[in-house]
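In: sequence below, structure please.
(chains A and B)
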Amino acid sequence: TQLLEQSPQFLSIQEGENLTVYCNSSSVFSSLQWYRQEPGEGPVLLVTVVTGGEVKKLKRLTFQFGDARKDSSLHITAAQPGDTGLYLCAGSTGGFKTIFGAGTRLFVKA
Amino acid sequence: GAVVSQHPSWVICKSGTSVKIECRSLDFQATTMFWYRQFPKQSLMLMATSNEGSKATYEQGVEKDKFLINHASLTLSTLTVTSAHPEDSSFYICSARTPPTSGRAGNEQFFGPGTRLTVL
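Out: Numbering: from 1, shown residues only, chains lettered A, B, ... in the order given. Modelled structure (predicted):
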């Protein structure tokens, strides 16, 4: 069974702090996506990484794909209350299915 | 681009009735759509994979006779919750996968806004 472990599950921080969310697996992924979901809404795609070692930046968010394409991280710099939400990583093996992590619930206090 | 709509956004029904939820890809053709269920403060639980023109593939533990899926066109998939009961109350989310010819990288899924079902 393929698993995508996401950590931490819950994170509560003060505005201005930095944080990192991790996704780890024993499986090799052909691509990995990060999504953000707000309460009562569907997840929104933030980024897709496909190349081992790839780093992508989206404003204050930095996404990294591990060299072996088994893990990924999301780093947020100077978090803001608007960053509050559920962050999901999802890995695809190139086949038909996508595996989702359990999610990281982030709460940024003003 | 890659917009997915879902209708209705919320529905309240009586126990024993059936409810149909529509999922549409608005600006691309989706040969594959997915249906998820999400419980409060939890991640997504894949219910089934919907393929245009063929039968849906259900995940283990999901009753195919209770959750009927129809993917009759490249832009529309429907989920019908038959004889709904209070335990079926949940947030249902669909997603559509962009085709390989779209130029997008990887198996990206684009999600609808979700449907909150409440069964009384």
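In: pretty sure A:Gln6 is touching A:Thr104, no?
Out: Yes: between A:Gln6 and A:Thr104 there is a contact under C-beta atoms under 8 Å: 5.8 Å. The way it works is simple: take the backbone N, C-alpha and C, and place the C-beta from them, glycine included.
In: report the beta-bridge partners for residue 109.
Out: I went with chain A, as the question did not name one. Here A:Lys109 sits in beta bridges with A:Gln14, as judged by DSSP bridges.
In: wrong chain, I was asking about chain B
Out: Beta-bridge pairing for B:Gln109 (DSSP bridges): B:Arg97.
In: what's stretch B:77-84 in contact with?
Out: Contacts to stretch B:77-84, defined as C-beta atoms under 8 Å, 6 or more residues apart in numbering or on different chains, come from residues B:13, B:15-23, B:30, B:33, B:35, B:47, B:50, B:65-72, B:88, B:92, B:94, B:96, B:117, B:119.
In: now with 6 Å?
Out: Where contact means C-beta atoms under 6 Å, 6 or more residues apart in numbering or on different chains, the residues beyond stretch B:77-84 that reach it are B:13, B:16-23, B:33, B:35, B:50, B:66, B:68-71, B:88, B:119.
In: of those, which belong to strands?
Out: Applying DSSP state E to the contacts of stretch B:77-84, the entries found in strands are B:13, B:19-23, B:33, B:35, B:50, B:68-71, B:119.
In: so which of these comes closest to chain A?
Out: B:Cys23 (10.3 Å; C-beta to the nearest C-beta).
In: any idea how many residues pack against that closest one?
Out: Per other C-beta atoms under 10 Å in any protein chain shown, the neighbour tally for B:Cys23 reads 28.
In: ok, it - contacts?
Out: By C-beta under 6 Å, 6+ apart, the contact set of B:Cys23 is B:Gln6, B:Met33, B:Ser77, B:Cys94, B:Gly112.
In: ok, how many other residues are close to the second one?
Out: Applying other C-beta under 10 Å, we find 30 residues neighbouring B:Met33.
In: isn't it up against B:Ala96?
Out: Yes: with contact taken as C-beta atoms under 6 Å, B:Met33 and B:Ala96 are classed as touching, separated by 4.8 Å.
In: returning to what we had before: now, of the ones in strands among the contacts of stretch B:77-84, which are buried?
Out: B:Cys13, B:Val19, B:Ile21, B:Glu22, B:Cys23, B:Met33, B:Trp35, B:Ser50, B:Leu68, B:Ile69, B:His71, B:Val119 (16 or more other C-beta atoms under 10 Å in any protein chain shown).
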